[in-house]
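Q: Provided below are the primary sequence and the corresponding predicted coordinates.
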Amino acid sequence: MIDVIKIFIPNKGDQRYSPLQFPNLHQPLSKKHESGYWEGKIEGQDIYLTAFSTGLEVKACLPKIIHGENVTNLNRQGVEKSVNDLADILDCGYLDLELERVVVTSVEVSVSLIMREIPGKYYFLFGENPQMDMSYFIKHGRVTGVNYVSETGPVSFTAYDKIAYSVLKKTPVPPDRKAANVLRLELRLKTAEVIRKKFGRDLSPLDLYDEDVYRKLKTFLHEWYLSVPKTGQEIFLSAEGTLTLLRLKDLCAKLYYQLFPLDWQCTVSAARGQGRLSDDNYREIKRFFKRDSKGLESRRHELIAELDDKLLDMVNEG
């Protein structure tokens with residue numbers, strides 16, 4: 001369940017990394033050798049190198065190293081093989097790479113789920129979270145995914161149609177997945193500081209296939225998914241208690257939010273843009289939709305129930 005990673009390999013003393021150390025490197029994309037900066041791509045691999053005065057940054061798609069594509073989920077054994085293959089590719093007989101010295105500066109935890117319906121029917125049921133900035137991916141006038149960014153740190157969570165995205169980017173898709181409804185969920189921890197805060201220490205590439213670390217990364221993905229409110233719920237009055245005007249108002253408001261989430265978001269966004277909805281009132285509205293209302297009951301949407309179960313099964317796998 002690990003996809004793209006970034007690692008940083010510090011210089012050994014005063015020795016800087018040179019493109020000449022990588023015989024399988026495409027012609028460097030940058031010529032700023034006088035400052036020690038250069039960029040390049042490993043031929044035949046989705047591996048990118050960026051050299052700085054302090055060391056070498058490597059961005060690599062682990063599933064593509066061993067599968068040639070990243071639609072297929074990468075289990076812990078696959079992570080181990082891809083990390084060691086990455087070390088062999090980078091070593092080239094010249095680098096003398098010591099993985100324990102290498103720091104993971106970004107990691108993408110992802111899962112591809114084969115669903116009953118098209119992916120859009122699921123991520124259109126994702127709502128807003130007061131602690132996240134939410135936005136949609138739009139391509140050729142169509143919404144192709146949804147993205148959430150933490151307001152307190154460089155962390156993001158994304159859901160999108162993996163097959164449509166792969167076709168758009170002209171990247172390989174396994175034959176048995178081309179006609180499938182593949183919903184992709186991704187959690188990105190974008191800096192070494194965020195990773196250090198999560199684990200209490202820096203991680204090396206070797207740690208990524210450690211059983212405890214791997215389990216925690218899957219748990220982080222699951223927790224972020226659960227933190228995203230889901231719409232499309234059935235909302236109805238409880239059979240207990242007194243029927244009041246307040247309860248009816250709560251019911252109407254929550255039904256509107258659950259049944260027409262995009263219309264609700266457009267209405268609220270327009271009101272904020274026109275100055276008719278203050279930040280304080282906006283936060284209060286979001287809190288209202290997040291909390292339970294007395295006298296109302298709800299039942300999750302059947303598609304969300306399907307997604308909940310499939311993600312939990314994947315997280316519980318080895």
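A: Yep, that arrived.
Q: Setting the sequence-adjacent residues aside, check what's closest to Glu69.
A: Excluding the flanking residues, the one nearest Glu69 by C-beta to C-beta, 6 or more residues apart in numbering is Pro172, at 4.0 Å. (Glycine included, C-beta is placed from N, CA and C.)
Q: tally of neighbours for the one you found?
A: Pro172 sits with 12 neighbouring residues when counted by other C-beta atoms under 10 Å.
Q: So it: helix, strand or coil?
A: Classification of Pro172 by DSSP: H, G, I helix; E, B strand; the rest coil places it in coil.
Q: And it, how far from Pro63?
A: According to C-beta to C-beta, to the nearest Å, Pro172 stands 11 Å off from Pro63.
Q: follow-up on the earlier one: quick one: contacts for the residue nearest to Glu69?
A: Pro172 makes contacts with 68-69, 71, 166, as judged by C-beta atoms under 8 Å, 6 or more residues apart in numbering.
Q: next one: Tyr282
A: By C-beta under 8 Å, 6+ apart, the neighbours of Tyr282 are 268, 272.
Q: Next one, pLDDT for it please.
A: pLDDT, Tyr282: 85.
Q: Repeat that for Lys198.
A: pLDDT at Lys198 comes out at 94.
Q: these two touch, right, it and Phe220?
A: Yes: Lys198 lies in contact with Phe220 (C-beta atoms under 8 Å); the separation is 6.8 Å.
Q: Give me the common contacts of those two.
A: Common contact partners of Lys198 and Phe220 (C-beta under 8 Å, 6+ apart): Leu189.
Q: Weed out the non-buried ones from the contacts of Pro172.
A: 71, 166 (16 or more other C-beta atoms under 10 Å).
Q: how about stretch 220-227 as PDB, C-alpha atoms only?
A: This file holds the C-alpha atoms of stretch 220-227, laid out as PDB (Å, rounded to 0.1, in the frame of the first residue of the first chain):
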ATOM      1  CA  PHE A 220      -3.100   6.500   9.100                       C
ATOM      2  CA  LEU A 221      -4.800   6.100   5.700                       C
ATOM      3  CA  HIS A 222      -7.800   4.500   7.300                       C
ATOM      4  CA  GLU A 223      -8.100   7.200  10.000                       C
ATOM      5  CA  TRP A 224      -8.000  10.000   7.400                       C
ATOM      6  CA  TYR A 225     -10.700   8.300   5.300                       C
ATOM      7  CA  LEU A 226     -12.900   8.000   8.400                       C
ATOM      8  CA  SER A 227     -12.300  11.700   9.300                       C
END
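Q: ok, residues contacting that stretch?
A: Contacts with stretch 220-227, where a contact means C-beta under 8 Å, 6+ apart, come from 1, 109-111, 129, 131-132, 148, 155, 157, 185, 187, 189, 198, 311-312, 315.
Q: For ChimeraX, what selects the buried ones among these?
A: Selection of buried members from those for ChimeraX, criterion 16+ other C-beta under 10 Å:
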select :1,109,110,111,129,132,148,155,157,185,187,189,198,311,315
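Q: For the closest residue to Thr191 other than its chain neighbours, give me its contacts.
A: Distances taken as C-beta to C-beta, 6+ apart put Pro154 closest to Thr191, at 5.0 Å, once the chain neighbours are dropped. Contacts for Pro154 were tallied using C-beta under 8 Å, 6+ apart; they are 189-191, 194.
Q: OK, contacts around the closest residue to Leu208 other than its chain neighbours?
A: Leaving out its chain neighbours, the residue that sits closest to Leu208 by C-beta to C-beta, 6+ apart is Val79, at 5.4 Å. Applying C-beta under 8 Å, 6+ apart to Val79 gives the contacts 2, 62, 208-209, 214.
Q: any idea how far the residue nearest to Thr191 is from Tyr225?
A: The gap separating Pro154 from Tyr225 is 19 Å, by C-beta to C-beta.
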